[in-house]
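Colleague: Let's see this in three dimensions:
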Amino acid sequence: MTTGIDNPPASVFPGSPSDDVAAIGACGSPAITALFVSLSQRHPDGADARYLQWHTLDHRPEQQRLERIKTSLRVVATPACRDARLACAPRFESVAHVMTYFFSALEGLDDFNALSTELRNAGRAPFILPPVERGVYATGEKLTAPHLKLGSDVLPWMPTRGIYLLIERGCTSARALTEVEGVAGVWSGSSLATPFSSAGEGQAITFCFLDDDPLVTAQRLGPYWTRGGRQGRLNPCSPARSIPWCLTNGTGIYRETPSIQRYSMSPDEALARECIRHTLARYTIAGDRLRAEDFVAVFTDDAILESDGVSDADSFHYRGRQSIGEWIARWHAPPSTPGAPTHGATFVRHHLATSLIEFTGPDTAKARTYWTAYTDIGPDHCGVYLDSLRRVSCEAGDEWLIAHRRVRLDWRSPDSLFTTAVTRTR
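Modeller: Numbering: from 1, shown residues only. Model (predicted):
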């Protein structure tokens, strides 16, 4: 999820940075000194959306009655973010939710715990996410990127595009991170031994507040691992003194969820989604009409087309445009031709239904699309297309092509007119 805000580049705002003007700081500061960070798994019954509704609309507002809680931040790891991660300790692989509370004093945790107890006694805690770790941290570095004007002490109040989160052993300055495009600033902290914390002694945490797309920024942050004193320490299972533990998703990326299931996208993303839907439709129509040239054109040169979830007798696997083209061309062959498909349908129409598209990088995406094939008998067979897509350049401009398609068969009518088609076209 995102904040629902398409932030303009912060560098367009005029004036001097707050951190460079002592008079601004003298007017006041939130004086945050402690963080409570809760890492949780997904809801066991898949009720994450209902949990977020409850937590956002009922639970978090109550906490504003506590004087020492200054603000809070909830982020979740999307599948695309998790797929893009660089490293992850096994104990953090299941983390899907990160909830952070910002305290002006460590004593505020006692009030926080007392309020949670009273709300629970009042029947106001219907949801519990399986915990992975709960940590209490003393704040350390607070840094803004050179292009930002607002002060480093108010970074948690800035609407961000997402969070890049690091958990590691030992403290190393994160100043180099602020030089990376897309990083608006960083906060770090070191773990404290308290009754509220299960984080290990010496554990450090770093929040990178992002003002650009998290997946794009993650790629830019890659070279960071080779400098700043962290190179060679990416083994998340190592007992070494200093270990980056990048949580669940792409290098610790989490996207903000300040409200319920709210999502916004840039015009470029909307255009990319439409291009992908167009490619999926081109495949279906070209296949149903046996237009071999149009059919092959929706694949990358090195594409893979294969079956999924069928018996060995019905399985198929084709690699490359030429192999895929030979397969579709065989449907034009007379039934008596060896290897030609045989079926009793006078027509076939593949209908696409629900399609979920998720971007895994600036030029890559995944799609999961339900399909049903209709023939003379009505619904003949159905399943799911599981696609990996890639943006490629061509004379007419960029287009999104299928790099890998798995055709999953979930159901086939006992009267199907295509019971031998897959086998006969292998």
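Colleague: if I look at Thr354, how far off is Arg368?
Modeller: 8 Å (C-beta to C-beta, to the nearest Å). Heads up, the C-betas are built off the backbone N, CA and C, glycines and all.
Colleague: Look at these two and report which has more neighbours.
Modeller: Arg368 (14 against 9; other C-beta atoms under 10 Å).
Colleague: Specify the beta-bridge partners of that one.
Modeller: Counting by DSSP bridges, Arg368 forms beta bridges with Leu356, Leu386.
Colleague: I'd say it and Ser355 touch.
Modeller: Yes - counting by C-beta atoms under 8 Å, Arg368 does reach Ser355; the two are 7.2 Å apart.
Colleague: quick one, helices of the stretch 301-426 of the chain?
Modeller: 321-329, 421-424 (DSSP state H, counting those that start in this stretch).
Colleague: I'd like to know which of the ones you listed has the weakest mean confidence.
Modeller: Of all the helices of the stretch 301-426 of the chain, mean pLDDT reaches its minimum on helix 421-424 (a mean of 42).
Colleague: Low-confidence stretches in this structure?
Modeller: 1-12, 83-87, 171, 225-264, 332-343, 419-426 (pLDDT under 70).
Colleague: State which helix of it is the longest.
Modeller: helix 267-288 (DSSP state H).
Colleague: Identify the residues contacting the very next helix or strand once past that one?
Modeller: Heading C-terminal from helix 267-288, the first helix or strand you meet, by DSSP states H and E, is helix 292-296. With C-beta atoms under 8 Å, 6 or more residues apart in numbering as the test, helix 292-296 has contacts from 282-283, 285-287, 321, 324-325, 328-329, 332.
Colleague: got the residue ranges for the strands in the stretch 201-350 of the chain?
Modeller: 203-210, 244-246, 253-256, 299-308, 317-319, 349-361 (DSSP state E, counting those that start in this stretch).
Colleague: got the contact list for the first one?
Modeller: When contacts are defined by C-beta under 8 Å, 6+ apart, strand 203-210 is touched by residues 35, 37, 100, 135, 137, 140, 155-156, 158, 160-172, 174, 177, 182-191, 217, 221, 252-253.
Colleague: Then the last one?
Modeller: Around strand 349-361, the neighbours that count as contacts under C-beta under 8 Å, 6+ apart are 78-80, 83-84, 215-216, 219, 269, 272-273, 276-277, 280-281, 284, 287-288, 365-375.
Colleague: In CSV, list the C-alpha atoms belonging to it.
Modeller: As requested, the backbone C-alpha atoms of strand 349-361 are provided in CSV (Å, rounded to 0.1, in the frame of the first residue of the first chain):
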residue,chain,number,x,y,z
ARG,A,349,-13.3,-18.7,-26.8
HIS,A,350,-11.0,-18.0,-23.9
HIS,A,351,-12.6,-15.5,-21.4
LEU,A,352,-10.3,-13.6,-19.0
ALA,A,353,-11.7,-12.7,-15.6
THR,A,354,-9.9,-11.5,-12.5
SER,A,355,-6.4,-10.4,-13.2
LEU,A,356,-3.9,-9.2,-10.5
ILE,A,357,-0.8,-7.4,-11.8
GLU,A,358,2.1,-6.6,-9.4
PHE,A,359,5.3,-4.8,-10.4
THR,A,360,8.5,-6.5,-9.2
GLY,A,361,10.8,-3.8,-10.6
